[in-house]
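Undergrad: Provided below for reference: sequence and predicted model.
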Number of protein chains: 2
Amino acid sequence: MTKPINRRDLDFLLFEYLNVGELSGLDRYREHDRATFDAVIDAAEQLSVDQFLSHAAKLDANEPHFDGERVHLIPEVQAAVDAYIEGGFLGMAFDAEDGGLQLPYTVAQACASLFSAANIGTAGYAFLTAAAANMLRIVGSEEQKARYMRPMIEGRFFGTMCLSEPQAGSSLGDIKTRAIPQPDGSYKLVGTKMWISGGEHDLSENIIHMVLAKIDAPDTPPGTKGISLFVVPKFLVNDDGSLGARNGVRLAGLNHKMGYRGTVNTVLNFGESEDCIGHLVGTPHKGLAGMFHMMNEARIGVGMGAAVLGYAGYQVALDYAKNRPQGRPVSGKDPNAKPVAIIEHADVRRLLLAQKAAVEGAFGLCLYCAKLVDIVDASDDSDAVAHARLLLEILTPIAKSWPSEFCLEANKHAIQVLGGYGYTRDYPVERLYRDNRLNPIHEGTHGIQGLDLLGRKVMMQDGAALKLLVATITETISRTAGTPELAEFSTELSSALTAAGSTTQTLIGAAMKGDTDRFLANATVYLDMLGHIVMAWQWLEQAAVAVAARADASEADKDFYAGKLTACQYFFRYELPKIHTQCALLSRLDDTTLNARAETL
Amino acid sequence: MTKPINRRDLDFLLFEYLNVGELSGLDRYREHDRATFDAVIDAAEQLSVDQFLSHAAKLDANEPHFDGERVHLIPEVQAAVDAYIEGGFLGMAFDAEDGGLQLPYTVAQACASLFSAANIGTAGYAFLTAAAANMLRIVGSEEQKARYMRPMIEGRFFGTMCLSEPQAGSSLGDIKTRAIPQPDGSYKLVGTKMWISGGEHDLSENIIHMVLAKIDAPDTPPGTKGISLFVVPKFLVNDDGSLGARNGVRLAGLNHKMGYRGTVNTVLNFGESEDCIGHLVGTPHKGLAGMFHMMNEARIGVGMGAAVLGYAGYQVALDYAKNRPQGRPVSGKDPNAKPVAIIEHADVRRLLLAQKAAVEGAFGLCLYCAKLVDIVDASDDSDAVAHARLLLEILTPIAKSWPSEFCLEANKHAIQVLGGYGYTRDYPVERLYRDNRLNPIHEGTHGIQGLDLLGRKVMMQDGAALKLLVATITETISRTAGTPELAEFSTELSSALTAAGSTTQTLIGAAMKGDTDRFLANATVYLDMLGHIVMAWQWLEQAAVAVAARADASEADKDFYAGKLTACQYFFRYELPKIHTQCALLSRLDDTTLNARAETL
């Protein structure tokens, strides 16, 4: 089986481009160095291939099912998550005092990406548990951390995030689940939650649900300002940590999706016919605080998943293209000549370069953002922290959405390279394409990311985040302008940045006039436009490292670095120019969609 | 269930835009008039909804399986194809003397599109049978027509097309199946065929395989010039039409695809352990002649299928968007206000307009091409025939590939409109997305269509086909320039056409210098570019009809026509401008993909 991630490239991104080794200089990571980073990535790579990739196709074909009493999973899932826990991966990024490895978030994300690329369905159970535990770490009480978080980091309890409801997906303010205060300070929860991944299974002793609900009290504000967070265990947990009675959270049914089929996805009823006990986490009505705190990481995580699903498809397509003989060159059609490998056809190389530019670029961007998270979390340089925090704000909607949109496109290209074989279930590329189709929707749709970027992040602090991004990109442009191999890109990026700047001014002008509708009508186009500029900048950074390194490189590395330069060329020549038509559309405040009446569609 | 095709729109395309009613003026169709066209479309619509749409999801979830002896299909398939045959749809376009209805191809395609949109899996069995029968009609002997074709038109025998082999998909010249001449004039076939849809089932008394093979003789030329066509029945057919012995064509296995799951897809062994008798159809070594004769129709059929799969998704998304309440307007976020239907959000309207522009435009283009087929087949005006034939040559790769690429994108948008529901199997949009992913590959990949368009069709007869296309589009531009609502589009299309013309001259210049590699390196980009121009032209035509008709229209029709104008606006403002970056790339003879070395990817 083709390895889903090119380790040479991962090492390039982490250590040559992003200098992640330097994170061990931060106090929080002082127990680590490049060698421990390498060792944990080695272990993740091995385990991901041996125990995750090996059953990815089988799990997709045999999704979880509910027999009325239990949810059944193929046994390979239990074995894989056990090995994952055994290897310490569940606690990678958690504090040592909480039982974690206290690794940099960037290294943890790199490891997670290996598991995602190998088998996103199985990896999901662990990721959700880490996310739920992380939420308790941020907003839970010491007692809640001891009772629920530590068993999750140990892998004895698994976790879920219960946000959406059937009538309220993207609009959390409309949730109806109620939490009725009890005399002992606990709450009884009543309601239905939808799309809950990992909501029921036997993989762990217990399942800890992190649930958004509205307190049933007259002073609960309407909308998102009245949402509180509760911890709701499947089995109540006694003071000594032992399991108590079954709590009243029950599986109402499974959702069957086109992708991520291995991660059981559920509808859960809370307190339907029996009491469902929950405990308030944090402050009443401030339930979204913890969510917002985690939102950047969660969204970067989705982008990372999208990037590596695309990446895994690219590796399969590349391998196939190098080994599948078919057809002859367009300039020599002798039918007696032997067929050439299809990678010799220019259009197949176009499909491969489109994938390479998307997936290696997106992977680099997500790791770049992960490093910003590390700086925010662990640096003691307050300027650096403020700087990283601000950059992260504006990059997050792009890091979530660009890979979700364009690495899905890469998966589409991977199928195309394999031709008829590509759409059969004998090869993984169609599964990866199905898996990746979820990413532009969950954790905030593409449209919502556009509104977040233009409506909030561009406008925040008088445009400070955007100014910082522009300054950061401008520094790259200046640094590379004098390098002959890079001058073309430096110039193009500069011109793109100028176009984006003037477009943004026009949009802000509309906002200032109070024309919110026209300001935001094409926010998604703005998101894609700025996303392309950010990706071009990332490629220029990668190419700059490659150009500098290749003089003294081995022959194999010379090819590797040349490939980086080619992918950069591809992105700048085939993709970046598209932003100019987008800028034109945005600059004229196009109102075609705004004015379209529902009755005419 | 939402009807997959808006009948008001189908009638608009057929009778208001394309004036298909006038085809009854041709001698071949003189038995028909608008009333019989309406009646057969009514019947197709009714049957497609009642007996095809009704089991589409079930068939997708319960794909054909092979128990070692028989291929099993859910019983609804047999019932549906029986009703289809009973309704006369299998013989829609065949001659009355052969048992057909002798309907115009355009009307037959309109009916076929209703079945495709409802359930492409079940419809496939009938379509393949009509295609195999049509091939015998074109190149078969009278005896072969009587023995095999007429029972297919009657629906007693079903048919297949056996072209590809495991090692030869797009490169037919490399097929290895041999036909060994026998003393009685028959042949024994030996080989393996791959991707054979409808290759084994019990839906019909017999299955007639149309098989490409190379005659086992020293004078057989290499490559495509040595391919012959054979008819190979599953059961031999006696002179009196009764069935004889089982022939040596055997199921070797099923392929399992991501889409079109209801159409059994097979690997067939010919003559592996028992004799497999075939009969030569037409002239030795000229087996591709019949294929080429049918190729335009087959490719337009794929484009039509892609268009209506996108169309069916759009109808579901539109219905959902009008009925799903969620969120508030960006300019008024009062949490106490009731949520609005999501169609009120500009970005949802963008997703809907993108779909509408793609699917209604593509459907119109495919029907336009179908009408050209009717003129070629049935007109007695030799100038009109020559004109239609030439236009068809250059439009066919576009009619095949544009819908395959961009109506798949429409299916992606339909999922996005439905959010989390969109990727569950409770709604049809994810199935339609999976189904449509096959279309950019089968019947000539997107890349092959690009080579066909630029390498053959643009160059043919000193550019005569392209000149005719340009003249035809220019006529539309001139006709609409003076209409105030259309002037914007007329101007934009004119400017796009100029850019495309100059780009084409540059490319032809490279070809003339013998630089075939650079001439064809970006043929796919050229295909997409010219495709967008053709679609813009189609939209201008549709908008012109709508503008002319709306003054005297009913209120409902006023909305319908306004929607056509809005979709036209969307296409011209959001899509057409993209061609200018493509023209820039093509005009500089970009060689990024050409120069990319395999070792660096």
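TA: In hand now; what should we look at? Numbers count the residues shown, from 1 in each chain, chains lettered A, B, ... in the order given.
Undergrad: neighbours around residue A:371, how many?
TA: 24 (other CB atoms under 10 Å in any protein chain shown). Using the backbone N, CA and C atoms, a C-beta is placed for each residue, glycine as well.
Undergrad: before we move on, what about residue A:66?
TA: A count of neighbours around residue A:66, defined by other CB under 10 Å, yields 15.
Undergrad: For the closest residue to it other than its chain neighbours, which residues count as its bridge partners?
TA: Nearest residue to residue A:66, sequence neighbours excluded (CB to CB, 6 or more residues apart in numbering or on different chains): residue A:254, at 5.3 Å. For residue A:254, the beta-bridge partners are residue A:266 (DSSP bridges).
Undergrad: Now do the buried residues in the host helix or strand of residue A:367.
TA: For residue A:367, the element it lies in under DSSP states H and E is helix A:346-378. Residues of helix A:346-378 classed as buried by neighbour count (16 or more other CB atoms under 10 Å in any protein chain shown): A:346-376, A:378.
Undergrad: related to what we said a few turns ago, check the gap between the residue nearest to residue A:66 and residue A:276 for me.
TA: Distance from residue A:254 to residue A:276, counting by CB to CB, to the nearest Å: 20 Å.
Undergrad: So which of the two has more stuff around it?
TA: residue A:276 (24 against 18).
Undergrad: and the helix holding residue A:367, anywhere near chain B?
TA: Yes: legend: contact between helix A:346-378 and chain B by CB under 8 Å from any CB of the partner chain is shown at A:346, A:347, A:348, A:349, A:350, A:351, A:352, A:353, A:356.
Undergrad: what sits against residue A:259?
TA: The contact partners of residue A:259, taken as CB atoms under 8 Å, 6 or more residues apart in numbering or on different chains, are A:431, A:434, A:435, A:436, A:437, A:438, B:423.
Undergrad: does it sit in a helix, a strand or a coil?
TA: coil (DSSP: H, G, I helix; E, B strand; the rest coil).
Undergrad: Now do the same for residue A:500: helix, strand or coil?
TA: Strictly by three-state DSSP, residue A:500 counts as helix.
Undergrad: which strands and helices sit next to the helix or strand of chain A with the lowest mean pLDDT?
TA: Least confident helix or strand, chain A: helix A:287-323 with a mean of 93, by mean pLDDT, DSSP states H and E. Judged by 3 or more CB pairs under 8 Å, 6 or more residues apart in numbering or on different chains; DSSP states H and E, the packing partners of helix A:287-323 are helix A:105-139, strand A:206-215, strand A:228-233, helix A:346-378, helix A:382-418, helix A:429-436.
Undergrad: same for the longest one, what does it pack against?
TA: Same thing as helix A:382-418. helix A:287-323, helix A:346-378, helix A:429-436, helix A:446-451, helix A:464-480, helix A:523-550.
Undergrad: So for residue A:357, what's the pLDDT?
TA: We note a pLDDT of 98 for residue A:357 in this prediction.
Undergrad: I'd guessed it sits against residue A:567; true?
TA: Yes: when contacts are counted by CB atoms under 8 Å, residue A:357 is listed as touching residue A:567 (4.6 Å).
Undergrad: which residues are common contacts for these two?
TA: residue A:539.
Undergrad: what element comes up after whichever strand or helix holds residue A:493 heading to the C-terminus?
TA: Element membership for residue A:493, per DSSP H and E: helix A:484-512. For helix A:484-512, the following helix or strand on the C-terminal side (DSSP H and E) is helix A:516-520.
Undergrad: how about that next one, does it get close to chain B?
TA: Yes: on the criterion CB under 8 Å from any CB, helix A:516-520 is in touch with chain B at A:516, A:517, A:520.
Undergrad: thought the first one was touching residue B:330?
TA: Yes: the criterion here is CB under 8 Å, and residue A:516 meets it with residue B:330 at 5.5 Å.
Undergrad: Quick check: which ranges of chain A have low pLDDT?
TA: Counting by pLDDT under 70, chain A contains no low-confidence segment.
Undergrad: check contacts around the residue nearest the centre of it.
TA: The centroid of chain A falls nearest to residue A:302 when counting by CA atoms, centre = their mean (1.7 Å). Each residue near residue A:302 by CB under 8 Å, 6+ apart is listed here: A:400, A:404, A:439, A:442, A:443.
Undergrad: TSV please, covering the helices and strands packed on helix A:382-418 and showing distance to residue A:177.
TA: Below are these laid out as TSV (distance: least, CB to CB, whole Å):
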stretch	distance to residue A:177
helix A:287-323	11
helix A:346-378	30
helix A:429-436	29
helix A:446-451	21
helix A:464-480	34
helix A:523-550	30
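Undergrad: deepest of those, which one?
TA: Mean neighbours per residue, mean count of other CB atoms under 10 Å in any protein chain shown, is largest over these for helix A:429-436, with a mean of 27.
Undergrad: what does it rub up against?
TA: In contact with helix A:429-436 (CB under 8 Å, 6+ apart) are residues A:56-57, A:60, A:120-121, A:258-261, A:306, A:309-310, A:312-313, A:316-317, A:404, A:407-408, A:411-412, A:414-415, A:418, A:422-425, B:257-258, B:434, B:437.
Undergrad: And those, which of them are buried?
TA: Among the contacts of helix A:429-436, those buried by neighbour count (16+ other CB under 10 Å) are A:56-57, A:60, A:120-121, A:258-261, A:306, A:309-310, A:312-313, A:316-317, A:404, A:407-408, A:411-412, A:414-415, A:418, A:422-424, B:257-258, B:434, B:437.
Undergrad: Would you confirm that residue A:376 contacts residue A:392?
TA: Yes: the pair residue A:376 and residue A:392 qualifies as a contact (CB under 8 Å) at a distance of 6.6 Å.
Undergrad: Give me the common contacts of those two.
TA: Joint contacts of residue A:376 and residue A:392 (CB under 8 Å, 6+ apart) do not exist.
Undergrad: for the helices and strands packed on helix A:287-323, which one sits closest to residue B:185?
TA: helix A:382-418 (40.8 Å; CB to CB).
Undergrad: now that closest one, how far from the centre of its chain.
TA: 8 Å (CA atoms, centre = their mean, to the nearest Å).
Undergrad: Can you give me the buried ones in that helix?
TA: For helix A:382-418, using 16+ other CB under 10 Å, the buried residues are A:385, A:387-388, A:390-418.
Undergrad: again with stretch A:141-156
TA: Those would be A:144, A:145, A:146, A:147, A:148, A:149, A:150, A:151, A:152, A:153, A:155, for stretch A:141-156 by 16+ other CB under 10 Å.
Undergrad: got it, and stretch A:484-495?
TA: Those would be A:486, A:489, A:490, A:492, A:493, for stretch A:484-495 by 16+ other CB under 10 Å.
Undergrad: In TSV, list these along with distance to residue B:132.
TA: Output for these, formatted as TSV (distance: CB to CB, whole Å):
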residue	distance to residue B:132
A:486	57
A:489	54
A:490	59
A:492	53
A:493	55
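Undergrad: out of those, which one sits closest to residue B:579?
TA: residue A:492 (19.7 Å).
Undergrad: Contacts only, for the closest one.
TA: A:536, A:572, A:576, A:577 are the contacts of residue A:492 under CB under 8 Å, 6+ apart.
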